[in-house]
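Visitor: Sequence and predicted model, in that order:
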Amino acid sequence: MMNKPAQSSADGVIKTRLAGYDLLNNSRLNKGTAFPERERDAFALHGLLPPHIGTLEDQRERRQMGLAELPTPLEKYEFMRNLQDTNETLFYSFITHNIEETLPIVYTPTVGEGCEKFSEIWRKPRGVFLSYPNKGRIRQIFSDARYDGIKCIVVSDGERILGLGDQGAGGMGIPIGKMALYTALAGIPPEYCLPMLLDVGTDNEERLNDPLYIGWRNKRIRGAEYDDFVDSFVAEVKRRWPRVLLQWEDFAGVNAARFLERYRNQLCTFNDDIQGTAAVATGTLLSAVTVTGMPLKEQRIAVLGFGGAGLGISQLIAAEMEDEGLSGQEAHERFYAVDRYGLLVEGGKGLRREQEPYARKRSEVAGWKVSNPVEISLLEVVREAKPTVLIGVSGQPGAFTEEVVRAMAENTARPIIFPLSNPTSRAEATPQDILDWSEGRALIGTGSPFGPAKVNGKEVHIDQTNNSYIFPGLALGIISSRARHVSDAMIKASARALAELCPTRQDKRASLLPALSSIRAVSLAVARAVGKQALKEGLAGVDEAGFEAELAANVWEPVYQDYERAG
């Protein structure tokens, strides 16, 4: 993050008072060996750097070699985190030139292990830890001048990290990773981005008993104390940054949904686990529907895992079905939601209010052949309802069994199957198994990266239905339009923008999603669609020309700029 002593002039030259060790230790300004002779003179760098003057390209090549020599994903993750804390321009340049290789390292699936090992690998401060004992110091912590330019925040409380559960303070790895992708995949300047962790304790006994654990060593605060702490946090965010974008990340399902509902009209905010997941799943489904030829409104969709993510996906797909002519009730009737106690049925065990529109009437399932009418299993749903689409956000590895997949393949010529849980170890099924059990006919999207699968000896590319196709561009569109709130229509616009770019539009044999190597172009298209929707709804703080100007100004390219000594 750039400190206050650095400012950009109109001609793009950065003026800074930092020099010597202070300049080299500033990750946002450091160029390493790429400081030219003139700047080494001006900033007293002679003797602190070796005499060779390198280039950004040289430095990328050196890091590429270093990364390739590391044997494990976690070591590669540590390598990239160290690079980010040392030289941000090089870090982001390296990612943008090697997106397909580095994305699984800096984010899913490796970031999950990074969160588990966060206390062991933590080196330098990045972002803000707000611990419960410091609840009275939030305003003071936020007041630092280094945070004046912040435009977007990603916050987590570390309770539901990917499919790994409660990681306490180690959950900070997720906001750090998300913010890195804001910049790497959408170009949002790193000095606009602030990762945050609400450290309210942890119920993870392994963390509490770890002598190296860096978080607040206490059981999780819950109930009124927890809600009051979050309320205080939001109030201070609004006070310090009235126009900031706040993204909620990896909160437990019940908290994720209620915080989104509580705060969505108080400030500009969205939840990526709910809305980002919904948008990328919907965009990918629209691509798959192009292949099958069956309109979206005619699809029958089974969803395994009906917490915030499953509900959000269903709501957005249902909204698209309504746009195709169905009524709200008709759209809901296209879904078969399976949660902890089986198929959601009216009056069923554990049914929550927000799930009720998707609960099936008891009369609808009265004639089904099931072993237990109180808890109807996923396999029984697939056999009796004959869905054409199966989406998993359950975090239950192996939940899409051979029987389930074969039953899907019996129902439809091209079953659409999305095991979206991550990291990889939590996927409901592997792509290879799905293809084997469906005779190679399934259309697959996964939440985590998988290598190619094989069908009849030929390699088949597996599309990663990753939120990174959506949230960086969504954030860019929001801050560039200066939106006051994030509407459902803006989320829908992001999904449609992704679907418009899917290769299946031109070739039904192509991949469901654009190549990850083109994701910066995808992010720009998503941002433009989101910003235009904000303008259409009267939520933007700029006009159309202002939005385009902001959009151009908010896309930063990771290249070294010229420096001049200030002061």
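Guide: Now that the structure is in, tell me what you want to look at. Numbering: from 1, shown residues only.
Visitor: buried sites along stretch 522-536?
Guide: Applying a neighbour-count criterion of 16 or more other Cβ atoms under 10 Å, one finds 522-535 buried in stretch 522-536. All C-beta spots, glycine's among them, are computed from the backbone N, C-alpha and C.
Visitor: out of the residues you listed, what pair is the most spread apart?
Guide: Pairwise distances across the buried residues of stretch 522-536 (Cβ to Cβ) peak at 20.6 Å, for the pair 522 and 535.
Visitor: hmm, back to that, take the buried residues of stretch 522-536 and keep only those in strands.
Guide: If you go by DSSP state E, the buried residues of stretch 522-536 have nothing in strands.
Visitor: For stretch 371-391, output the C-alpha coordinates as CSV.
Guide: C-alpha atoms of stretch 371-391 as CSV (Å, rounded to 0.1, in the frame of the first residue of the first chain):
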residue,chain,number,x,y,z
SER,A,371,-36.9,-44.7,1.8
ASN,A,372,-37.7,-41.9,4.2
PRO,A,373,-40.3,-39.3,3.2
VAL,A,374,-39.0,-37.0,6.0
GLU,A,375,-35.5,-36.8,4.6
ILE,A,376,-35.5,-37.3,0.8
SER,A,377,-31.9,-37.8,-0.5
LEU,A,378,-30.2,-36.3,-3.4
LEU,A,379,-30.2,-39.6,-5.3
GLU,A,380,-34.0,-39.9,-4.8
VAL,A,381,-34.5,-36.3,-6.0
VAL,A,382,-32.5,-37.0,-9.1
ARG,A,383,-34.4,-40.3,-9.8
GLU,A,384,-37.8,-38.9,-9.2
ALA,A,385,-37.6,-35.2,-10.3
LYS,A,386,-35.3,-35.9,-13.3
PRO,A,387,-33.3,-32.6,-13.1
THR,A,388,-31.3,-31.5,-16.1
VAL,A,389,-28.9,-29.4,-14.0
LEU,A,390,-27.1,-30.3,-10.8
ILE,A,391,-25.3,-27.7,-8.8
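Visitor: Can you point out the buried residues in it?
Guide: By 16+ other Cβ under 10 Å, the buried positions in stretch 371-391 come out as 375-376, 378-385, 387-391.
Visitor: which other residues reach it?
Guide: Contact partners of stretch 371-391, identified using Cβ atoms under 8 Å, 6 or more residues apart in numbering, comprise 281, 285, 288, 292, 294, 299-304, 310, 313, 336, 338, 341-343, 345, 348-349, 365, 368-370, 399-401, 403-404, 407-408, 411-412, 415-418, 420.
Visitor: now with 6 Å?
Guide: Outside stretch 371-391, the residues that touch it by Cβ atoms under 6 Å, 6 or more residues apart in numbering are 299-304, 336, 338, 341-343, 368, 370, 403-404, 407-408, 411-412, 416-418.
Visitor: Which ones among the residues you listed map onto helices?
Guide: With DSSP state H as the criterion, helices contain 403, 404, 407, 408, 411 from among those.
Visitor: separation between the residue nearest to the last one when sequence neighbours are not counted and residue 292?
Guide: Excluding the flanking residues, the one nearest residue 411 by Cβ to Cβ, 6 or more residues apart in numbering is residue 386, at 4.1 Å. In this view, residue 386 and residue 292 are 14 Å apart by Cβ to Cβ, to the nearest Å.
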